[in-house]
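1. I would like the atomic coordinates for the input below:
(chains A, B, C and D)
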Number of protein chains: 4
Amino acid sequence: MIAVVRQSATQDQLDHFVSWLESKGFSTNVSRGSNETVVGLIGDTTTIDPFLLESMDIIEHVTRVSEPFKQANRKFHPADTVVDCGHGVLIGGGSFQVMAGPCSVEGDNLLAIAREVKEAGATMLRGGAFKPRTSPYANQGMGAEGLRLLHEAGTELGMPVVTEIMDARDVQLFEDMEVDVLQVGARNMQNFTLLKELGKLRRPVLLKRGMSATIDEWLMSAEYIMAGGNENVVLCERGVRTFETRTRNTFDTNAIAVAHHLSHLPVVGDPSHATGYTRYVVSAALAATAAGADGLEIEVHDRPEHAWSDGAQALTPKQFRNAMRRIELVRQAVTMEDE
Amino acid sequence: MIAVVRQSATQDQLDHFVSWLESKGFSTNVSRGSNETVVGLIGDTTTIDPFLLESMDIIEHVTRVSEPFKQANRKFHPADTVVDCGHGVLIGGGSFQVMAGPCSVEGDNLLAIAREVKEAGATMLRGGAFKPRTSPYANQGMGAEGLRLLHEAGTELGMPVVTEIMDARDVQLFEDMEVDVLQVGARNMQNFTLLKELGKLRRPVLLKRGMSATIDEWLMSAEYIMAGGNENVVLCERGVRTFETRTRNTFDTNAIAVAHHLSHLPVVGDPSHATGYTRYVVSAALAATAAGADGLEIEVHDRPEHAWSDGAQALTPKQFRNAMRRIELVRQAVTMEDE
Amino acid sequence: MIAVVRQSATQDQLDHFVSWLESKGFSTNVSRGSNETVVGLIGDTTTIDPFLLESMDIIEHVTRVSEPFKQANRKFHPADTVVDCGHGVLIGGGSFQVMAGPCSVEGDNLLAIAREVKEAGATMLRGGAFKPRTSPYANQGMGAEGLRLLHEAGTELGMPVVTEIMDARDVQLFEDMEVDVLQVGARNMQNFTLLKELGKLRRPVLLKRGMSATIDEWLMSAEYIMAGGNENVVLCERGVRTFETRTRNTFDTNAIAVAHHLSHLPVVGDPSHATGYTRYVVSAALAATAAGADGLEIEVHDRPEHAWSDGAQALTPKQFRNAMRRIELVRQAVTMEDE
Amino acid sequence: MIAVVRQSATQDQLDHFVSWLESKGFSTNVSRGSNETVVGLIGDTTTIDPFLLESMDIIEHVTRVSEPFKQANRKFHPADTVVDCGHGVLIGGGSFQVMAGPCSVEGDNLLAIAREVKEAGATMLRGGAFKPRTSPYANQGMGAEGLRLLHEAGTELGMPVVTEIMDARDVQLFEDMEVDVLQVGARNMQNFTLLKELGKLRRPVLLKRGMSATIDEWLMSAEYIMAGGNENVVLCERGVRTFETRTRNTFDTNAIAVAHHLSHLPVVGDPSHATGYTRYVVSAALAATAAGADGLEIEVHDRPEHAWSDGAQALTPKQFRNAMRRIELVRQAVTMEDE
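-> Residues are numbered from 1 along each chain as shown, chains lettered A, B, ... in the order given. Prediction:
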């Protein structure tokens, strides 16, 4: 971390600042230029608040030189992480996977949808049993029974299942139901209570980016899980909130490339939530793939207009099949060799 | 809810749409104009997803006519709600209260700070015992011991205490420690698990607006608590996230007036988080008061540069005293009679 | 346009509202439901301010049913517009074009860069002669001499040139220099003075989306040009401003599909400005192509570290060649037939 | 400017970087720490693009130490600038002024409205003659005739007038019509062509903040005007664009305090555009005053529902009178002495 000291600071003020830093356990490196004095802080700066330094009268500017995340940081772990999702399905490091299924698990149609998406090329089954709903009056999901149906379908078809966990108290239930991949929704990205519990598991966690989370904050949330000992984190970009209202969210396809640059963790894209409308889902799926995603999470429903939730953004199985053919071709463009 | 049907829709398509709506339990009211056909949905539309309708081919546009929140809605409850925070301190409906204290409870200095803020005019004591920290490596707060210190100070000085709860499993602990007002932080505004637990209590909840939550979503989160039976909700505007980086957040002072227009619940402002820098806290406190807030939550620390967290935005007791004199005058401007 | 009238409105108030609308030249269509009264406005509502209606006491909500843009609207012009950019280069309606070249025209290296990009597959030459610079102290471009160099290179290589116009007073100069496509930068998207002048021309205009413009506002700016009689508008998505700082802008790849849905005009993507860093440009170019763009505008420089401007986001000719091979494959994925 | 060099950089790479910087005319100051190497750039860094440095492989991070604006910078001009608006009306440095009047100049009612606002305490008259309208089909203002009416009313009442200029070609007309203060609208904040022309004048310029402009960019636009020799710039915060749709804009009251911290220029607030609805204008006016604004610009209309534009946000003269009484009291709170 680097602090730039105002030219107007006296030597006394500078000395006082440096000894305060040293009392906090940092070594310092003071370099006086003709226009400014720069103080380098050496030591573990992950616990220091740059805002605090900036609020001091003599400080002009503070810059964090090293990212505050370590385990999620590509600098300290250059090779891509490959996450084993169960049933032999790997994600990351060149392995591209498509997770598909209904927004909500609703009952018997789950298996039929699962068969359709598998046939079209999906390798993982998604479905919500516990649903975060903006309204307390909206359907909150099937709960444990939904997990059971997912497990049944996944076992029958040999597909790992991905489903959202919202409550730290449900971790044991998800273990008992052998959920393959636990999803953390955008609204819970900074539910640190939940992240800490997931850090104690060894099952993969699909961590959605919060609606207005910076990429750094998203990686810090991954760090929470990894700091607990669970390194099986898959990041998921699902759109961020902006002023644009023609789509449910603004799909930050740039974030996929940036997350790959900063971190070794796999990154998938969720074109369903990123758009909110079926008519835009396929182009968004292709865009995420083109941007280098390691996989996609796509909502598919046999009768979207009867879906319990998010029918507006579901593909039909037929639309999904056609999308998969295009996705494969885009994936070839991404993985082709440079000359 | 109103759905505008495209001119290109056939009578068959329109009939099919209407009967689908009726199968969902709505009455309908179809009005054909020369340029468009408008279908009004009559019934409880809080559970229907406007995105779903909009995604249909024949639908041009969908408008929610009634807000999806009911108990928090001023339309159904025109009079201001006054929340009793304990120790005889009321907030809302003309009662203006200032909550002050350190960001984190750190130990013995709590009582001294509490005395200072009380003397300056604060009527409630704030302090964090459980801290949501972006980094897993940062100090996470004193926990239960912090709650005990808060209770002691509050009892000694006759001030209700406000402190953040992050984990639904801690509700009993907060009850045992007789926390007067439970704060829900911005990051947990849509932690529905936590909101539901708080709905079972009768203690007041201070509900911070999420970093990128619309005012409607904020009120829907209040609705979650109220739907559980707890009507003692105080809203807190603490700044939203935008592109501006010169302040920690962008203080949406407009939101105070809008929340008052839409809801009967009290609304307070948090100028400390809304700015992030001590030098801007007083002007932000005045702005929130001027915008009509029912109270303020302000961080005060005797030695900000040694605070465990957020020292950058703390006022010293002296700064706080001077701020209080100005706040009182602004409050007079707000409450003066029109001619 | 539809206005929902509050239940609390009296018949008198409603009558007064309706006659006020009629005095403004609208026919109305009043439909009384049990819960709300809906007033439909029939007539040209493009000139009415929905905010004004919403501010009235008896009005609950106002919805614009028809978009305020007409000539840019796909509803009234279902077929894709194909814009002829000169030298036989068409864009839109299945014709995909890549515009490449340096950010700023700097002198003799222009022709060399142009040759390189042409060889790699670019069909149009971009380069800035007049530069909008945030700082008055930064290089403002070569001006007229830059236009001359562009014209020379374009003529020599048979490539239409695209270059930015910032000043309505320069229109004649751009005509004299036979600039093929006039670019309106993001900062000037709502410089209505400039848009009106461009509406008088027949040369194509490449209209960049403003940094925080909604898609509807962007189309309204296209409408300004078209209302003047110039239908040769090409839209360009170049990233919008959000809270994310790891990239210069947030590339709204969704906007490409939405603009195609709402309008018949061609839409291209600018991955250089949308990311700001060379390392992310290729993935963003692929993402835009995958999202359905009709073309791309990419900055290429032989020695990026010596570029006058925006060297940080320039591809080298070699990087560009490799990108083009991938872009072509992605384009195949977009244009393949569904089964 | 400070560049942090990656630990992985070789001595050769570092040397090459340093000599490249020196070839650009900078002196450098290299300080090698155990974890990072910091290169300080000494010289005029206002022309260098920090993105370019950051894009280099060996560079970790670049920080601008000094703001790129100079003349607008409080560091080089600590005392508040006081701008003389004509008719003896000063703004800034303790002088607080309210500009009021209709959004659009519409004709004879101007003088009547002007009288009303003057009587209520306004000292400057605002009114639009040239209107930036999102739609080409909306009323574009009275033009020159509007300027004439403004001049007449201003002369008659001894009030300086403020009105928007959109076109660099109109500068002479505004001179001829003796417009006292030329307003630059939010959409033109980065219309550098216009800013340069205004830099040649000596008349005051009221510079509105762009819809998504950072405070630094706003000050850079002020710098454009000042760099031309015109130091009479008044900044105006009028709300920024966010995800919130319940108000027309999000009023960034923090920005008023920040602009005062960074710059010596006066800053006023525009609560009319910042909210968009009459019902929120007064609380926003008080908030801006409380935040330390040097003045306000408020839309007042005798019959808002018949206003040509923005009637939705106009106060009636009576509402304005009541607002002024509150504003004066808030102003007292701001200017009171600390103990």
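
2. how far off centre is the top helix by length along chain A?
-> Longest helix of chain A, by residue count under DSSP state H: helix A:317-335. When C-alpha coordinates are averaged (CA atoms, centre = their mean, to the nearest Å), helix A:317-335 and its chain have centres 22 Å apart.

3. one more: stretch A:105-115?
-> 26 Å.

4. would you mind listing what in the stretch 51-200 of chain A touches chain D?
-> Selection of the stretch 51-200 of chain A residues close to chain D by CB under 8 Å from any CB of the partner chain yields A:E60, A:H61, A:T63, A:R64, A:V65, A:S66. The way it works is simple: take the backbone N, C-alpha and C, and place the C-beta from them, glycine included.

5. which residue comes closest to the fourth one once chain neighbours are left out?
-> If you skip the residues right next to it in sequence, A:R64 has A:M1 as its closest partner in space, 5.5 Å away by CB to CB, 6 or more residues apart in numbering or on different chains.

6. roughly how far apart are the one you found and A:T47?
-> Using CB to CB, to the nearest Å, A:M1 is found at 11 Å from A:T47.

7. if you count surrounding residues, which of these two has more?
-> Regarding A:M1 and A:T47, a neighbour count based on other CB atoms under 10 Å in any protein chain shown identifies A:M1 as having more, with 21 against 14.

8. and that one, what does it touch?
-> Contacts for A:M1 (CB atoms under 8 Å, 6 or more residues apart in numbering or on different chains) come out as A:G40, A:L41, A:T45, A:I48, A:P50, A:L53, A:V62, A:T63, A:R64, A:V65, A:S66.

9. over to A:L53?
-> Counted by CB under 8 Å, 6+ apart, A:L53 has contacts A:M1, A:A3, A:I59, A:V62, B:A312.

10. cool, A:A291 as well?
-> A:T253, A:N254, A:I256, A:A257, A:G269, C:S283, C:A284, C:L286, C:A287.

11. from chain D, how far out is it?
-> 19 Å (CB to the nearest CB, to the nearest Å).

12. just A:K24 next, same as before
-> Using CB to the nearest CB, A:K24 is found at 17 Å from chain D.

13. for that residue, what are phi and psi?
-> A:K24 adopts backbone torsions of phi -90, psi 0, taken as degrees, to the nearest 10.

14. wait, A:D270 sits on A:V240?
-> No: the pair A:D270 / A:V240 is not scored as a contact, 11.8 Å apart, by CB atoms under 8 Å.

15. comparing those two, which residue is more hemmed in?
-> Neighbour count, other CB under 10 Å: between A:D270 and A:V240, A:D270 has more, with 31 against 26.

16. how about low-confidence regions in chain A?
-> A:33-35 (pLDDT under 70).

17. show me the strands in it, by range?
-> Taking DSSP state E, the strands of chain A run over residues A:2-5, A:27-32, A:37-42, A:59-63, A:83-84, A:90-91, A:97-101, A:124-126, A:161-164, A:181-184, A:205-208, A:233-237, A:267-269, A:295-299.

18. re earlier: buried ones in the longest helix of chain A, by neighbour count?
-> For helix A:317-335, burial by neighbour count (16 or more other CB atoms under 10 Å in any protein chain shown) applies to A:317, A:319-324, A:326-327, A:329-331, A:333-334.

19. list just the nearest of these to D:N139.
-> The closest of the buried residues of helix A:317-335 to D:N139 turns out to be A:Q319 (CB to CB; 45.5 Å).

20. what sits closest to the closest one if chain neighbours are left out?
-> Per CB to CB, 6+ apart, closest to A:Q319 is A:V282, 6.9 Å.

21. rewinding a little: need the contacts of A:A291 in JSON lines (columns: neighbour count).
-> Formatted as JSON lines, those follow (neighbours: other CB atoms under 10 Å in any protein chain shown):
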{"residue": "A:T253", "neighbour count": "36"}
{"residue": "A:N254", "neighbour count": "30"}
{"residue": "A:I256", "neighbour count": "29"}
{"residue": "A:A257", "neighbour count": "26"}
{"residue": "A:G269", "neighbour count": "32"}
{"residue": "C:S283", "neighbour count": "26"}
{"residue": "C:A284", "neighbour count": "32"}
{"residue": "C:L286", "neighbour count": "29"}
{"residue": "C:A287", "neighbour count": "36"}
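
22. quick one: which of those is nearest to chain B?
-> Distance to chain B, by CB to the nearest CB, is smallest for A:N254 among the contacts of A:A291, at 15.0 Å.

23. what about that closest one, distance to chain C?
-> As for A:N254, its distance to chain C is 5 Å (criterion: CB to the nearest CB).

24. so that residue sits right up against C:T250, yeah?
-> Yes: judged on CB under 8 Å, A:N254 makes contact with C:T250 at a distance of 6.3 Å.

25. give me the common contacts of these two.
-> Listed as contacting both A:N254 and C:T250 by CB under 8 Å, 6+ apart are C:G239, C:E244, C:A274.

26. filter the residues you listed down to just the buried residues.
-> C:G239, C:E244, C:A274.

27. what's the closest non-adjacent residue to A:G239?
-> Residue nearest to A:G239 in three dimensions, not counting chain neighbours: A:N249, with 2.7 Å by CB to CB, 6+ apart.

28. count the residues that sit near that neighbour.
-> So A:N249, with other CB under 10 Å, has 20 neighbours.

29. so what's it up against?
-> Applying CB under 8 Å, 6+ apart, the residues near A:N249 are A:M211, A:R238, A:G239, A:V240, A:R241, A:T242, A:H273, A:A274, A:T275, A:G276.

30. I'd guessed the third one sits against A:I256; true?
-> Okay, so that is A:G239. No: in this structure A:G239 lies outside contact range of A:I256 using CB under 8 Å: 11.8 Å.

31. what's A:F69 sitting at in phi/psi?
-> Torsion angles, degrees, to the nearest 10, at A:F69: phi -100, psi 140.

32. any idea how far the closest residue to it other than its chain neighbours is from A:D170?
-> Using CB to CB, 6+ apart and skipping residues adjacent in sequence, the residue nearest A:F69 is A:E223, 4.3 Å away. Taking CB to CB as the measure, A:E223 falls 23 Å from A:D170.

33. neighbour-wise, which of the two wins?
-> A direct count of neighbours by other CB under 10 Å for A:E223 and A:D170 places A:E223 higher, at 26 against 21.

34. just checking, the more buried one touches B:P136?
-> Yes: proximity of A:E223 to B:P136 meets the contact threshold set by CB under 8 Å, at 5.9 Å.

35. and stretch A:19-34 with chain B, contact?
-> Yes: contact of stretch A:19-34 with chain B (CB under 8 Å from any CB) involves A:W20.

36. number of residues surrounding the residue nearest to A:Q319?
-> A:V282 has 26 nearby residues by other CB under 10 Å.

37. ok, now how distant is it from A:V300?
-> From A:V282 to A:V300 the distance is 12 Å (CB to CB).

38. could you do A:V233 as well?
-> 25 Å.

39. A:F251 now?
-> In terms of CB to CB, A:F251 sits 18 Å off from A:V300.

40. list the contacts for the residue nearest to the spatial centre of chain A?
-> Residue closest to the mean C-alpha point of chain A, counted by CA atoms, centre = their mean, is A:L235 at 3.0 Å. A:L235 makes contacts with A:L207, A:R209, A:W218, A:L219, A:A222, A:A259, A:S263, A:L265, A:P266, A:V267, A:V268, as judged by CB under 8 Å, 6+ apart.

41. equivalent analysis for A:A274, please.
-> By CB under 8 Å, 6+ apart, A:A274 lies in contact with A:E237, A:R238, A:G239, A:T247, A:R248, A:N249, A:T250, A:F251, A:A284, A:A288, C:N254.
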